[in-house]
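Chemist: here is the input, now give the coordinates:
(2 chains)
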Amino acid sequence: MSEIPRLRVEPGKVVLSGAWTLAEMLPMLSFLQAELTNQSHHIRHWDLSAVTRLDSAAAVLLWRTWGGQWPASLDVDEVHRPVLVRVAELPREMPEQALPRVHLPEFIGVLLFKALANVRGMVALFGQLLLDCAYLFRHPKDVPWREFTSNVYKAGALALPVTALVGFLIGVTISYLSALQLKSFGADLFIVNILGISIIRELGPVLVAVLVAGRSGSAMTAQIGVMRVTEEIDALSTMGISRSIRVVLPKVFGLTVAMPLLVLWTSAVALFGGMLAALMQLDLSLIYFLENLPRAVPVANLFIGLGKGLVFGFVTAVVACHFGLHVKPNTESLSANTTSAVVTAITSVILVDAIFAIFTRQIGVPQL
Amino acid sequence: MSQPPVIELSGVTASFRGQMVHRDLALRVEEGQIVGLLGGSGSGKTTLLREILGLLRPDAGVVRLFGVDLNDPDVVLQRDVRRRLGMLFQHGALFSALSVFDNIAFPLRELRCLDEDWIRRLVHLKLAMVGLEEAHGKQMPAELSGGMVKRVALARALALEPELLLLDEPTAGLDPDRSQNFVELVGNLQRELGLTVVMVTHDLNTLAGLATHVAVLADQQIVAFGTRAEIMTVDHPFVTGFFGADRRKLL
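Modeler: Prediction:
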């Protein structure tokens, strides 16, 4: 084929022929480059009239070998001259694209301002929710029941299997490890206290919150974010439908309602797992375990657990919706905001859990 | 040695959820032709483009680009074929995480053969070609207007100096002045590089200014293919309906 780019040196001039295009040059790019540079040093006469095709990549290559100026004499087809002219018109020096420099104080400051802006955004969202509630109280017809129930189903009912599995395995693990220790003290019966308090009061709610933040929180952020990218949120507003009532409110209240139920379910399954492990490890009968559970664990613990579930669900949903509403219309922002939503939700849940621990330290602790 | 046709489809059949989109469709585009693909809404024009790109595998039939079957299992061969074509998507399909400059530089960097200075010059060249300035290179796709997105997308499609350019509604959303510039731009490129162009368009001005050939897609097949003058004489309900009183404009 005569299509491949060729370079021939005739006395006093360099003759190029064939197709000088990027695709054709690629296989022998380094060879061509070396050859061109070699010739350009002592020959100033170039004959390009036999070139069948000349694209801008080749034109740039030639222009660079000529050292950024026209050669002493040049024969080129009129069709191809404009390509070279366009390259010649480019500025001689191409400015480097400046990389942004990162200074540590600036970096920390930006992070701090971002965090403050997020807190402010979440407070504003909370206020908006309160206003919406007041509005819905006066206009009960506008309550978005369908969206609300759909969210309870998606965040609650569909999460039952995974929370059960994780709860069961955690219950077995804690029971098994505690049994090993208790056996050496001969305090086998305290397994009921350990499992009951830790699971009902602490582990159940936190475990569910972490799972739900990863499962439903990320889904909420992504959904609202994509709705923003595709301008669906704007379409809602133009129809006179409040985005906070139709999109945010059902998600927040859906999760707030679903979470305590999930906590109850997960704690029950985890206790069941713990009971099974205690039966195997310590020969503690299920009947004994169930009979002693109310005595070892005051019922206040159950209410603390459920209350935590309620608050955790609310916090997770508000955080997720806040980050979803602040997605900018590009893929990078979507992924960054989804990550932030999950991380922030889990962190806030742990923070709220610590606050709970401090304020409920007098309540529900069994007296021995 | 005779060149194989740039695009060759034969016996292509495709269906979506039981609904036939293409039935035994055949199309042959030779080097240097500018083909305008016409068809009513939902007649499968974009589907046809996606089949040519290899994004969509037809249920039956063969798609050949530059004589290479798109079902060929050779990965390197497939990659090399893809590098010989450029596609302008209807909505641009710019990488939203990259700046305009990086969007255009991306396919060039992927070659891993060109140095940075070369890439920078090429990107500036492409930007100038589509009528954008250097300052636009720093912007992100989200900051651009619809027409600008289209031009950046064209610059990216042209980055690898393709031999085959596929355009999906290239002038939709551009003002008449810009779309005239666009027509001239593609026309010039075609003359300089011997490009082959396939475009889906509804704009008669674009068609009249650019297309050498017209393919009409209707009834799940290419019902007519030929030069503009030939198409005018075709007596098909879609053709007569589409051009209507504007028949003369195309000539």
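Chemist: need the contact list for the residue nearest to residue A:163 when sequence neighbours are not counted.
Modeler: Nearest residue to residue A:163, sequence neighbours excluded (C-beta to C-beta, 6 or more residues apart in numbering or on different chains): residue A:266, at 4.6 Å. C-beta coordinates here come from the backbone N, C-alpha and C atoms, glycine included. Residue A:266 sits next to A:163, A:164, A:166, A:167, A:204, A:207, A:208 when contact means C-beta atoms under 8 Å, 6 or more residues apart in numbering or on different chains.
Chemist: contacting residues for the last one?
Modeler: To tie it back to what came earlier, the one meant is residue A:208. A:163, A:167, A:259, A:262, A:263, A:266, A:309, A:312.
Chemist: ok, now with 10 Å
Modeler: A:159, A:163, A:166-167, A:258-267, A:270, A:305, A:308-309, A:312-313, A:316, A:349 (C-beta atoms under 10 Å, 6 or more residues apart in numbering or on different chains).
Chemist: any idea which helix or strand comes after the longest helix along chain B?
Modeler: The longest helix of chain B (DSSP state H) is helix B:176-193. For helix B:176-193, the following helix or strand on the C-terminal side (DSSP states H and E) is strand B:196-200.
Chemist: buried sites along the following helix or strand past that following strand?
Modeler: Next helix or strand after strand B:196-200 toward the C-terminus (DSSP H and E): helix B:204-210. Buried positions in helix B:204-210, judged by neighbour count with 16 or more other C-beta atoms under 10 Å in any protein chain shown: B:204, B:206, B:207, B:209, B:210.
Chemist: SS state for the nearest residue to the third one once chain neighbours are set aside?
Modeler: Leaving out its chain neighbours, the residue that sits closest to residue B:207 by C-beta to C-beta, 6+ apart is residue B:36, at 4.6 Å. Three states are possible here, and by DSSP: H, G, I helix; E, B strand; the rest coil the one that applies to residue B:36 is strand.
Chemist: please report the distance of residue B:36 from chain A.
Modeler: Separation of residue B:36 from chain A (C-beta to the nearest C-beta, to the nearest Å) stands at 24 Å.
Chemist: just give the number of residues close to that residue.
Modeler: For residue B:36, the number of neighbouring residues by other C-beta atoms under 10 Å in any protein chain shown comes to 26.
Chemist: and the pLDDT for the residue of the stretch 151-251 of chain B found nearest chain A?
Modeler: Closest residue of the stretch 151-251 of chain B to chain A, C-beta to the nearest C-beta: residue B:161 (4.0 Å). Note for residue B:161: predicted pLDDT of 81.
Chemist: and the next element down the chain from the helix or strand where the residue nearest to residue A:163 lies?
Modeler: According to DSSP H and E, residue A:266 maps onto helix A:249-282. Using DSSP H and E, the helix or strand that follows helix A:249-282 towards the C-terminus is helix A:286-296.
Chemist: beyond that following helix, next helix or strand please.
Modeler: Next along from helix A:286-296, by DSSP H and E: helix A:300-325.
Chemist: which element is residue B:230 on?
Modeler: Residue B:230 belongs to helix B:228-232, assigned by DSSP H and E.
Chemist: name the helices or strands packed onto that helix?
Modeler: Helices and strands touching helix B:228-232, by 3 or more C-beta pairs under 10 Å, 6 or more residues apart in numbering or on different chains; DSSP states H and E, are strand B:34-39, helix B:204-210, strand B:213-218, strand B:221-227, helix B:237-243.
Chemist: just want the angle from the one helix or strand residue A:61 maps to to helix B:176-193.
Modeler: Assigned by DSSP H and E, residue A:61 belongs to helix A:56-65. Put simply, helix A:56-65 runs at 70 degrees to helix B:176-193, going by axes from the mean of the first three to the mean of the last three C-alpha atoms, to 10 degrees.
Chemist: would you put the C-alpha positions of helix A:56-65 in PDB?
Modeler: Extracted in PDB, the C-alpha atoms of helix A:56-65 (Å, rounded to 0.1, in the frame of the first residue of the first chain):
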ATOM      1  CA  SER A  56      -3.000  18.400  12.100                       C
ATOM      2  CA  ALA A  57      -1.000  16.000  14.200                       C
ATOM      3  CA  ALA A  58       1.400  15.500  11.300                       C
ATOM      4  CA  ALA A  59       1.400  19.300  10.700                       C
ATOM      5  CA  VAL A  60       2.400  19.900  14.300                       C
ATOM      6  CA  LEU A  61       5.100  17.300  14.000                       C
ATOM      7  CA  LEU A  62       6.500  19.000  10.900                       C
ATOM      8  CA  TRP A  63       6.300  22.400  12.300                       C
ATOM      9  CA  ARG A  64       8.200  21.400  15.400                       C
ATOM     10  CA  THR A  65      10.900  19.800  13.300                       C
END
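Chemist: next structured bit after that helix?
Modeler: strand A:73-75.
Chemist: list the strands paired with that next one, with their directions.
Modeler: When pairing is defined by DSSP bridges, strand A:73-75 lines up against strand A:45-54 (parallel).
Chemist: buried set for the strand it pairs with?
Modeler: Here strand A:45-54 shows A:46, A:47, A:48, A:51, A:52, A:53, A:54 as buried, counting by 16+ other C-beta under 10 Å.
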